[in-house]
Each structure stands twice: as C-alpha cells, then as structure tokens.
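[1] Sequence plus predicted model, see below.
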Amino acid sequence: MTDIAIKIEHLNYVYSPGTAYEKHALKDICLEIPHGEFVGIIGHTGSGKSTLIQHLNGLVKATDGALYYNGENIYQNGYDMRALRNQVGLVFQYPEHQLFETTNFEDVCFGPKNQGLDRKTVELRAYEALQNVHFPEDLYYQPPFDLSGGQKRRVAIAGVLAMHPDVLILDEPTAGLDPAGRDEILGLLLQMKKDLGITIILVSHSMEDVAEYVDRIIVMNSGEVMFDGVPKEVFSHYKELEAVGLAAPQVTYLMHDLAEKGIPVDLSATTVAEARDSILKAFK
Ligand code: ADP
C-alpha cells in the first residue's frame, strides 16, 4: 500500500457531450488524498461534489485525466473495478431509503453477502459494523422501519462498513438530521477514522458543520477546486468564500469583528471552544 490512497491528475468530466445538455461538471481536478485522512468536500449544489465522489469508486469514468488508487491507474485495461468498489465504499444521500430487509442485522449483512463471503463471516462483519456505529444491541433484530432518522443512518453506514472498505465516502451524511443527530454522526465518523484507521471523505454544503471534525477541506466551486487545506487555512479566505455564497463558521466572523474593534483575539480560531479561550485571554 502506498501512502497516497487516491491521486487525481487533471481530471475533467463532461455530462452528455455534444448535446444540448452538455455540462462540464469537473474541470482540471488535481488532488491527492493520503490514507487515514478525514476530508470534507464542500460546495454549493451543482458545484460538482457528487460527480467527483462517483469517480472515486469508478461509478463514473473521467472524460479525460487520470485517477490512481493505491498507485494503480484505475482506467488501465484489465483494472479490477469490482475490487476497487470493495475497497472504496460509497454511502449515498439518504441511504436509509435503501433499508429493505426484515431486520437491521440482515440489512447490514446485505453488502458482505454480495461480496460472496460465507454466512459466518458475513454475520461477524455485520455484528462488528453495528458495534462500530454504536447501534443498540436490543434493536439488531428489529425491523428498520421503526427507527429514528439517526439510527437508520447508522444502520446504512454499518452496511457499507461491513464490506471492510479502506476508504469510506459519504454524500451529505447529515442531511435531514437535527443538530444533535448531525453531531452524533460526525463524531462517529471521526471516531471510526481514529479507531479503524480508514480514510473518510464526506460531502457537505456546510463548512460550519464539518469544521470541527475534518483534517482537511476541499472547496468546490463551478466544477473546480477553489481551496484545499486544513480548515483554518481555508477559513482565512472567508471573504472569497462569502463572495461565492459559502459561509465560514460564525466564529470566524465574530473573531474578525472583535479584531476590527481593536480586541486582540486569535483570528485563526475556528471552533467555539477556541474562540472562547481566545476571548477570555484577550480580556484578562
Ligand atoms: P453537487 O453534488 O455539488 O450538487 P453535481 O456533481 O451533482 O453537484 O453536479 C455538477 C453539475 O453537473 C451541475 O451543474 C449539475 O446540474 C450537472 N449534472 C449532474 N448530473 C447530471 C446529469 N446526469 N446530466 C447532466 N448534467 C448533470
């Protein structure tokens, strides 16, 4: 295994080329994502986030450019796309809409069963995945329909985890959840990254939501990578982000307002806790 899980070189994607619906959805994307990183891909609706992540497990093939997984060009002849999909797991938006088995446990078994594993391994994987998402044991053999939104989403994430991916990609994993449910799921992903060492890539339209969790933010705008860096670095461009309608965390604005009033606060604070510490220090 190389250090770099995913490498993208000058990737372009055009929907329906040569028709009236032609759309250049990804423009000259170059990215490297190391193993074990927790990455947030942020951008407006239509900025190209979903198109980008569908390239990562080979669901969509680039119009031109290259994509390497563990150093191997996935577009070369004979490349094993099935193996790629086993290693790069994709959790779609509202994945709980695809829970259809009679029990939560059976639902989580679905992925590994399809990988052709024997029943015993499938069940072990399902059990382990449900433990990893902290799903309550008394609900394992209940039907999925009765669960809360957050619990359903845990089951859906466990279903992909049970396939033992090296990279877990999630499209808007917190969509439709209340703030508590959102923090629960993001906290869970952070813990999985730490405990299991897997690479996690999540798509969100809110920088504020993911700021406290991810190692790195990639901002997409009109099919291009606009910024790419640790959250603090990206938020330092808050004026440019605002110009394209993306908001930095509220803390960023507060700290800049205070600084303009002559209060010596830390402008790189991005979390409420950091802001509190910096403000308390300034007034001491
Ligand atoms: P995001 O996930 O950031 O909302 P998408 O990747 O879904 O963005 O879309 C990027 C651009 O490609 C948008 O302009 C969208 O309208 C267009 N697009 C997405 N899917 C299709 C499709 N199947 N056919 C044509 N254009 C599409």
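    That came in fine, so what should we check first? Residues are numbered from 1 along each chain as shown.
[2] Can you point out the buried residues in the host helix or strand of residue 239?
    Assessed by DSSP states H and E, residue 239 sits inside helix 238-243. The neighbour-count check on helix 238-243 (16 or more other CB atoms under 10 Å) flags 238, 241 as buried. Any C-beta I mention is one placed from the backbone N, CA and C, and that applies to glycine too.
[3] Which strands and helices lie in contact with that helix?
    Applying 3 or more CB pairs under 8 Å, 6 or more residues apart in numbering; DSSP states H and E, one finds that helix 238-243 contacts strand 224-229, helix 250-260.
[4] what's the closest of those to the ligand?
    Set against the ligand and scored by CB to the nearest ligand atom, these come closest in strand 224-229, at 11.3 Å.
[5] now the helices for the stretch 151-284 of the chain?
    Secondary structure of the stretch 151-284 of the chain, counting by DSSP state H, counting those that start in this stretch: helices at 179-196, 207-210, 231-235, 238-243, 250-260, 272-283.
[6] give me the number of residues near whatever residue of the stretch 51-200 of the chain ends up closest to the ligand?
    Residue nearest to the ligand within the stretch 51-200 of the chain: residue 51 (3.3 Å; CB to the nearest ligand atom). Close neighbours of residue 51, defined as other CB atoms under 10 Å, add up to 19.
[7] CA atoms only: put the helix or strand where it lies into CSV for me.
    Assigned by DSSP H and E, residue 51 falls within helix 49-56. Extracted in CSV, the C-alpha atoms of helix 49-56 (Å, rounded to 0.1, in the frame of the first residue of the first chain):
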residue,chain,number,x,y,z
LYS,A,49,-19.2,17.2,-5.4
SER,A,50,-21.4,14.2,-6.3
THR,A,51,-19.8,13.9,-9.7
LEU,A,52,-16.3,13.9,-8.1
ILE,A,53,-17.0,11.2,-5.5
GLN,A,54,-18.7,9.0,-8.1
HIS,A,55,-15.3,8.9,-9.9
LEU,A,56,-13.5,7.7,-6.8
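[8] What is the helix or strand just after it packed up against?
    Remark: after helix 49-56, the chain's next helix or strand is strand 64-69, criterion DSSP H and E. Secondary-structure packing of strand 64-69 (3+ CB pairs under 8 Å, 6+ apart): strand 4-15.
[9] one more time with 10 Å, if that's ok
    strand 4-15, strand 23-34, helix 49-56, helix 81-87 (3 or more CB pairs under 10 Å, 6 or more residues apart in numbering; DSSP states H and E).
[10] Relative to it, what are the paired strands and their orientations?
    Strand 64-69 pairs in its sheet with strand 4-15 (antiparallel), strand 72-73 (antiparallel), by DSSP bridges.
[11] right, so of the ones you listed, which gets closest to the ligand?
    Closest approach to the ligand among these is made by strand 4-15 (3.4 Å; CB to the nearest ligand atom).
[12] quick check: angle from the closest one to strand 23-34?
    Here the directions of strand 4-15 and strand 23-34 differ by 180 degrees (axes from the mean of the first three to the mean of the last three CA atoms, to 10 degrees).
[13] and strand 4-15, which residues are buried?
    Within strand 4-15, the residues scored as buried using 16+ other CB under 10 Å are 5, 6, 7, 8, 11, 13, 14.
[14] What of stretch 105-118?
    105, 106, 107, 108, 109, 110, 111, 112, 113, 117.
[15] Could you list the contact residues of the protein toward the ligand?
    15-16, 21, 23, 25, 43, 45-51 (CB under 6 Å from any ligand atom).
[16] If any of these are buried, give me the PyMOL selection for them.
    Of those, the buried ones can be selected in PyMOL as follows, counting by 16+ other CB under 10 Å:
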select buried, resi 25+43+47+48+49+50+51
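[17] now the residues of the chain next to the ligand as TSV including pLDDT?
    Shown next, in TSV, are the residues of the chain next to the ligand (pLDDT from 0 to 100):
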residue	pLDDT
15	98
16	96
21	95
23	97
25	98
43	94
45	92
46	94
47	96
48	97
49	96
50	95
51	97
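[18] Check the residues of the chain next to the ligand against residue 278 and report the nearest one.
    residue 43 (28.7 Å; CB to CB).
[19] Now the closest one: closest residue in space, sequence neighbours ignored.
    Counting by CB to CB, 6 or more residues apart in numbering, residue 43 lies nearest to residue 220, which is 3.4 Å off, once chain neighbours are set aside.
[20] Perfect, that will be all.
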